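K.L.:
I'd like to go over a predicted model; first the sequence, then the structure.
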Amino acid sequence: MGVLGTVVSAAAAVMAYAVMREDISFEAGLAVCVGCAGVWFLSSFPAGSSLFSCNTEYIMYRLDYWFSTSKSSKPLALLIATVVLIAICGVLLEIVEPQGLSTALWVSWTWVADTGAHTELPFGMSRVVAFIGTIGGMIVFALLVGIVADEISEQVDNLRKGTTQVLESGHTLILNWSDKTLPLLTELALANESEGGGVVVILSDHDKTKMEEWIETAEIDLKGTKVVCRSGRPTSGTDLARVSSTTARSIVVLSPPDAAPDAADADVLRVVLSLVYKLDEEQETPHIVVELCDMDNEQLVQLVGKNRVETVVSHDVIGRLMIQCARQPMMGQILAEILSFDGCEIYMEEWPVLEGVTFSSVAFAFDDAIPIGVVSSDGIHLNPSDDLVLAPGDRVVVIAEDDDTYKPKVRRTAPSPGILPPWKPDTPVPEKFLFINWRRDMDDMIVALDKQVPKGSILYLFSGKPEREQIKALREGGLDPTMLRNLRVFYRTGNSVLRKNLEELKLEEFHSILVLAEESDDHRHASDSRSLATLLLVRDIQDTRRNQRSPRRAVLSPMSLSTPLPEVTSLVSEVLDPHTRVLVSQIDKSDYVMSNDILSAAIAQISENRNLNPVFRELLGADGAEFYLRPARMYVWDNEEACFWDIAARARARNETALGYRVNGVNKAIINPPDKEARRVWGPLDEVLVLSED
């Protein structure tokens, strides 16, 4: 008979007993008994019978689909169940105790809503109905609490996962997370400091809480800037809409760190396509700053992004930067200061009062800034000639503390350079260079170095790659080492943190040693640890050998006989983690290049002002004007007392632009001196920072 049959039979017996006691009418009892018999009859069919199987399966399928696709399915189902419960209890109450259906339904509602509403009922069938309604009400309330708790939990999970909508405008949007994200945040915080802080939104496939933890661990001084992290795919239009990409002031697309260069550039191209599709063609903002790995992909990205995209080829920039620093120690620190928002940076602005004025006068028109070039209708002119005349619409490029700290003084006349001290540059002699570790763009670095060194110079490549693989990698990059004009390249294989491998090289014979960051390392701390160990080993080996130098010195190769031994070797290391630079600076006569920080600073500058990208391209490129540290004796006589304006005038006489100076023994250059009229005695070992073509 089954459990259901037993329950139905018991209910029918109770109804019969109630009729006998005249608690309910005969007709009502009969209706209830017939209903119970019908329920028992229907339940007697097997679950798989043809009468119910199709309909039951279809109903369950529709319910399953409804609950899985509709967010309102649970509360709506609970509402329907509550209404059905109230209706059943109301009808039963009307049957056992006639009082009007509307009144019975209201009483039924009170039983469902309040568990104590039936306590004063007399004993009888109405109390049984009230008990059923109260039990059902308790179940409804428990389900309601569960639904509310699930909804709250889901909303909290959405907040934790970073899937909610960002309601911001005029913000900076960063897509992807890489080792440049934290330095970029630092620069953007400095840029927004004068405005009381801004908003930076980061969209990455990393977990939101993980990104927030990284930012907190880095201990970045955000200076009032609010950082909003969201988890998602930068290639997804839905996720881009969720971070308000169309209302951003600028968008920065960083190269994915875990992908191969070509794959990373392909991913960046997809992101740019998604952004261009969402942005209105007539909408001027935001512009998109894109980091690429390979210069060959730059033209394609610019074609897709049209006039919205500013590209920065990271490997190319860092490679050329490392070459500059290998040739000129301290140049990494100088570039970091000029490109960063902390201190003096580059600005450009149109000054109508300077129209018709030659650059020879413009160069001395600012007390609190140093003009370095002019942007005109035909392009950018850095370190232009003195006879360049500013036309309407031309903008003056300057190095200044901030964009509101300088104004021109038109009536100032350029000081006379006077008699320049005699200067005859040293006769170029071949130099020896050592690159430790391998970079993917090693071929580009070698080509750039070959253009800057005297003929007969030597370059040694020392890495974990076998010699055949090094030559193969260079040739695959488009470089035939035998076709270089000034360099001869030699190859050595070994581990850069093993002393016995480094001792096989005659480290004391090199003029410049460059320790590159290991690209194979998964974490920048590991790469910096290896670089630091290499620096310590190289410097210790050099000092030991120089102290034990004999009249008959060892040679690296027969070619080294034509090159004198250097007194001091320039030792420069590429550093990825800002905390490492303090340790590197403690190594005697060692310099460092914060490659990620410098590149991140340039990206931040371009995100704030896209017109700066052509300026940075020339400053960090292979051609055009570059920064140089010149001996002060090129501009002043021995023990001469002169002010910075005098130095600047003599630099202009040599077709150069003076930007600052470095006092001998001080590891920091003074850029854009605040008091340019202050006179001082210049020592023979002081240096002047200039912008020059050569």
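P.N.:
Okay, I see it.
K.L.:
which helix runs longest in this structure?
P.N.:
Longest helix in the chain by number of residues (criterion: DSSP state H): helix 125-161.
K.L.:
downstream of it, the next helix or strand is which one?
P.N.:
strand 172-175 (DSSP states H and E).
K.L.:
quick revisit: mean confidence for the longest helix of the chain?
P.N.:
Helix 125-161 comes out with an average pLDDT of 79.
K.L.:
show me what that helix is packed up against.
P.N.:
Under the contact definition 3 or more Cβ pairs under 8 Å, 6 or more residues apart in numbering; DSSP states H and E, helix 125-161 sits against helix 73-96, helix 101-113, helix 208-218. Where C-beta positions appear, they are placed from N, C-alpha and C, glycine not excepted.
K.L.:
output the contacting helices and strands for whichever helix or strand residue 539 is part of.
P.N.:
Using DSSP H and E, residue 539 maps to helix 524-547. For helix 524-547, the elements it packs on are helix 499-503, strand 512-515, strand 570-575, helix 580-585, judged by 3+ Cβ pairs under 8 Å, 6+ apart.
K.L.:
now render these as JSON lines, adding mean pLDDT and distance to residue 65.
P.N.:
Output for these, formatted as JSON lines (pLDDT from 0 to 100; distance: least, Cβ to Cβ, whole Å):
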{"stretch": "helix 499-503", "mean pLDDT": "91", "distance to residue 65": "66"}
{"stretch": "strand 512-515", "mean pLDDT": "90", "distance to residue 65": "62"}
{"stretch": "strand 570-575", "mean pLDDT": "82", "distance to residue 65": "57"}
{"stretch": "helix 580-585", "mean pLDDT": "67", "distance to residue 65": "57"}
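K.L.:
who's the residue nearest to residue 365 when sequence neighbours are not counted bridged to?
P.N.:
The shortest distance from residue 365 to any non-neighbouring residue, by Cβ to Cβ, 6 or more residues apart in numbering, is to residue 408 (4.3 Å). Beta-bridge pairing of residue 408 under DSSP bridges involves residue 366.
K.L.:
right, and residue 408 touches residue 364 too?
P.N.:
No. Contact between residue 408 and residue 364 fails when scored by Cβ atoms under 8 Å: they sit 9.9 Å apart.
K.L.:
so where's the stretch 101-250 of the chain uncertain?
P.N.:
Within the stretch 101-250 of the chain, the stretches with pLDDT under 70 are 117-123, 158-162.
K.L.:
where's residue 419, which helix or strand?
P.N.:
Per DSSP H and E, there is no helix or strand for residue 419.
K.L.:
which residues are in contact with the residue nearest the centre of the chain?
P.N.:
Closest to where the C-alpha atoms of the chain average out (Cα atoms, centre = their mean) is residue 181, at 2.9 Å. Contact analysis of residue 181 by Cβ atoms under 8 Å, 6 or more residues apart in numbering lists 174, 202, 254.
K.L.:
isn't the last one up against residue 291?
P.N.:
Yes. Between residue 254 and residue 291 there is a contact at 5.2 Å, judged by Cβ under 8 Å.
K.L.:
overlap in contacts, the two.
P.N.:
residue 180.
K.L.:
in CSV, could you pull the C-alpha coordinates for the host helix or strand of residue 62?
P.N.:
Assigned by DSSP H and E, residue 62 falls within helix 53-69. Provided in CSV are the C-alpha atoms of helix 53-69 (Å, rounded to 0.1, in the frame of the first residue of the first chain):
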residue,chain,number,x,y,z
SER,A,53,6.6,9.6,-17.2
CYS,A,54,6.6,12.1,-20.2
ASN,A,55,4.9,14.9,-18.4
THR,A,56,6.9,14.4,-15.2
GLU,A,57,10.2,14.4,-17.0
TYR,A,58,9.3,17.5,-19.1
ILE,A,59,8.1,19.4,-16.0
MET,A,60,11.3,18.5,-14.1
TYR,A,61,13.4,19.6,-17.2
ARG,A,62,11.6,22.9,-17.4
LEU,A,63,12.0,23.5,-13.7
ASP,A,64,15.7,22.6,-13.9
TYR,A,65,16.2,25.1,-16.8
TRP,A,66,14.2,27.8,-15.0
PHE,A,67,16.2,27.5,-11.7
SER,A,68,19.5,27.5,-13.6
THR,A,69,18.9,30.4,-15.8
